[in-house]
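A.B. asks: Sharing a model prediction with you, sequence too.
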Amino acid sequence: DAGVIQSPRHEVTEMGQEVTLRCKPISGHNSLFWYRQTMMRGLELLIYFNNNVPIDDSGMPEDRFSAKMPNASFSTLKIQPSEPRDSAVYFCASSGRGRVGEQYFGPGTRLTVT
Amino acid sequence: GIQVEQSPPDLILQEGANSTLRCNFSDSVNNLQWFHQNPWGQLINLFYIPSGTKQNGRLSATTVATERYSLLYISSSQTTDSGVYFCAVGAGGATNKLIFGTGTLLAVQP
């Protein structure tokens, strides 16, 4: 199994630009989670999907952030416009119907907004 | 919501030493996981252990669900064990959300 795949692994962009992060969950998993990790705030859950439907987006910081899951094998997290305070590592995780809620994490995308 | 506390916040060991990391949680849970975040930032699953005891090589974990705590044991530590260890518990109900502790930063010195 390839595990959770994220791209790009690193992204450097200028303030005001649009950023799109991508995630492919583990095949057969039906839940997908987007997290953000910073030194100040630790790991924060931004949004999660169940069967491609957004269930809880209460962690999305503001309207500049949006997430979609058009099918069971692909999700995007978009930031438009990006700001320096968005600099962080963004993780995607997925879980399946097996053990209750067991999550597997992707390698993360390190985003730097200058 | 459920509170998750980990101790100690940081730990320095000499290679070969043993250690115990603790995770306390404030309510009953149906999911508990231990993760290792290595110095390259990857979050690696160590154990899925809502109750009972499991072992994997030099690592073992025990969760006493009735007393709302879990322990991670690292024996004969190696420099590659360095990193941050997170405990995360299921938020319960119909959600699959995980609530993360603040982690234990472990440094193993040669």
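C.D. replies: In hand now; what should we look at?
A.B. asks: what's the closest non-adjacent residue to residue 16?
C.D. replies: Picking chain A for this. Using C-beta to C-beta, 6 or more residues apart in numbering or on different chains and skipping residues adjacent in sequence, the residue nearest A:G16 is A:P81, 4.5 Å away. C-beta here means a position set from N, CA and C on the backbone, and glycine is covered the same way.
A.B. asks: Not quite, go with chain B.
C.D. replies: Per C-beta to C-beta, 6+ apart, closest to B:G16 is B:S76, 5.7 Å.
A.B. asks: what about that neighbour, how many neighbours?
C.D. replies: Using other C-beta atoms under 10 Å in any protein chain shown, B:S76 has 11 neighbouring residues.
A.B. asks: sorry, back to before: next one: the residue nearest to A:G16 relative to B:P50, how far apart?
C.D. replies: Counting by C-beta to C-beta, to the nearest Å, the separation of A:P81 from B:P50 is 42 Å.
A.B. asks: neighbour count winner among the two?
C.D. replies: Between A:P81 and B:P50, B:P50 has the larger neighbour count (other C-beta under 10 Å), namely 19 against 14.
A.B. asks: quick one, what contacts that one?
C.D. replies: Taking C-beta atoms under 8 Å, 6 or more residues apart in numbering or on different chains, we find B:P50 in contact with A:V100, B:V29, B:N30, B:N31, B:L32, B:T63, B:A65, B:G90.
A.B. asks: and it, that's in a helix?
C.D. replies: No: membership of B:P50 in a helix is not supported by DSSP: H, G, I helix; E, B strand; the rest coil, which gives coil.
A.B. asks: quick one, what contacts the closest residue to it other than its chain neighbours?
C.D. replies: Excluding the flanking residues, the one nearest B:P50 by C-beta to C-beta, 6+ apart is B:L32, at 4.9 Å. Listed by C-beta under 8 Å, 6+ apart, the contact partners of B:L32 are B:C23, B:F25, B:Y48, B:I49, B:P50, B:T63, B:S70, B:C87, B:A88, B:V89, B:G90.
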